[in-house]
Structures are given as structure tokens and as C-alpha cells.
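> no letters, just coordinates:
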DNA sequence: ATTGAAACGGCCCCACC
DNA sequence: GGTGGGGCCGTTTCAAT
């Protein structure tokens, strides 16, 4: 269903998702039309879910990035999920195994913002916060 | 340095980083040239760090996604960082606060693969593994 | 910093293999 | 599933403002 050429195309898009089909075609030895067709199929079958931009949040005025391990109060999962849109600070949320059954990545302006955010979270469970010090993949 | 028009452009790229400058121009009320110039500047100043593709790892044969909270042995940070390329399974790594001072997201084929991966990690520290059950942002 | 115009290159559809 | 071509659309550069 997904062959090695598809994987090469995906590798190329991983490096830069704005790469043109012509350029990808050169890399994988295929015509632009074929690349387009394959990418289309990968999108249709939801192997490719979307294309994102990677931002420097600090330079956008968000000086704090934190991970929160969250222990939801029992029976609160549904209401928490429904309220997720009320927390624009949460950029990723996952249900995970462990006593802290929710994991989230949160982007915040500063410590005050973090405090206010945690206060709002306390309605739904018990948070444990870990500040992100540095991204080891990008220096 | 980054004004509201830049923020609108960034919002558009967040939704889909392959959106054309013409389309973004329509959304923000600017000519394609101007959009391009602004995006160029955002890239040059590293506000925009890159463009990524969002994949369905399960459909690519990676059935397990886990978070690992990692307690590095003292003095092992440097060697661990140098060995990172030897762990293609690690797709994100951060230094964080807390007794588990490293956080990583890892993509794996199956439980056997996880076991082998953890065995290799044990040279550098003590891992605590959390399976990802579901992404609450996307269903 | 923004623009329009022009040249260029990429995208897309379709007919064909 | 892959290709090639023609028309269209997007991108890039640049001179002018």
C-alpha cells in the first residue's frame, strides 16, 4: 500500500513540507505528475494528515513551554475533552497509560500565565508540570 | 518586529503549511509578493523554523507511540546527545525540569521493538514509559 | 514595506502508454 | 502506475513608490 518510493517522498516532505513536486520528482526519480498523484493518494488515505509550520514560540512572545502530566478526576474525561477548545494554550494533548493519564504540551507567555492556566486546570484534575529547558534535536 | 499581519500569515500556515502565497494574500489582504517577502523575513529571523508533514505512523507500520520520561545517569548528558542519531526511533527529545530530566516521544513498530529500544536506552539512564492511547486533539 | 508587471517555473488535467 | 504536453496558476524578481 505504501511502497519505498512513497517513503522517499515522505522523507522529502519531512525535511521541508513546502518542497515542490518537481523537486521531489528529481529526488525520487519520478515525473512531477506521478509525485503529485502519489502525494494525493497519501493524503486521501490519511497517511499524510496535514502540513505544519514549526515556530519559534519564544520569538512570538511565548517564553514558556511546559509539559504537564495530568491526573484527571474520575469521570471527567468527557467534560475535559469538550472544554479543550477553551484552552488555546494547549498545543498537544494525549491520553496515555500511567497514573497521570493525560499528557499535554502547553505554550505560555510567562510564569504568571502558567499560574493562571494551572488554576483553570485544577477543576479537572491534578497537574504535574515540567518546564522545557531545551530541544535536544535542534541544538 | 512581528505584527498582526505576520500573525495572520502564521495562522494560515499553521492550518496548512503548503498554502500558496496567492491564497494567503487573499486571506490577509496583501499581494503575493508582499506575503512572500514577509514569510521570507520570518524564515530569515527564524521565527519560522521549518515546514513539517504530519503523518499517521500506524498506517506506516509503526503501531506504537510512547512517551519516555528519562532519568539520565549523572554526567551522561553529553554522550547521550552525541548518540541521538543512533536512535532514529526518537522523534522528539527535550531537556526538562524534574527528577526525570529528559522527555522523548518515540515511534516504534511493536512491543518487541520497544523492548529492544529500552534495552539500548538503559546504558544512559532510567526510562519510565507511557504508551500513547489516543490524540485528544484529533478525535 | 508594498506593489504590479513580466518571466519563469510549477501545477494540474487529460489522453496515452 | 507512469508519462508528456498545453493551459493555467503560482512564484520570483525588480523597478517604482
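Yep, it's here. Just so you know, these numbers come straight off a predicted model, no measurement behind them. Residues are numbered from 1 along each chain as shown, chains lettered A, B, ... in the order given.

> which element is residue A:75 on?
In the assignment (DSSP states H and E), residue A:75 maps to no helix and no strand.

> and it, how far is that from DNA strand C?
47 Å (CB to the nearest atom of the strand, to the nearest Å). (C-beta placed from N, C-alpha, C; glycine too.)

> can you get me a residue count around that residue?
Neighbours of residue A:75 under the rule other CB atoms under 10 Å in any protein chain shown: 7.

> just residue A:4 next, same as before
The burial count for residue A:4: 8, using other CB under 10 Å.

> where does chain A dip in pLDDT?
Nowhere does chain A drop to pLDDT under 70.

> any idea how far the spatially most central residue of chain A is from residue B:129?
Residue closest to the average C-alpha location in chain A (CA atoms, centre = their mean): residue A:92, at 5.4 Å. Here the criterion is CB to CB, to the nearest Å. By it, residue A:92 lies 18 Å from residue B:129.

> residue A:44 now?
Taking CB to CB, one finds residue A:44 at 34 Å from residue B:129.

> between the two, which one's more packed in?
Using other CB under 10 Å, the more surrounded residue of residue A:44 and residue B:129 is residue B:129, with 18 against 9.

> who does the more buried one bridge with?
residue B:68 (DSSP bridges).

> is it true that it touches residue B:118?
Yes: counting by CB atoms under 8 Å, residue B:129 touches residue B:118, with 6.9 Å between them.

> sorry, back to before: distance check, the residue nearest to the centre of chain A against DNA strand D.
Taken as CB to the nearest atom of the strand, the span from residue A:92 to DNA strand D is 28 Å.

> what does residue A:8 give?
For residue A:8, the distance to DNA strand D - CB to the nearest atom of the strand - is 11 Å.

> what do you get for residue A:117?
From residue A:117 over to DNA strand D (counting by CB to the nearest atom of the strand), the distance is 36 Å.

> quick check, that residue in contact with residue A:108.
Yes: at 6.2 Å, residue A:117 and residue A:108 qualify as touching, with contact defined as CB under 8 Å.
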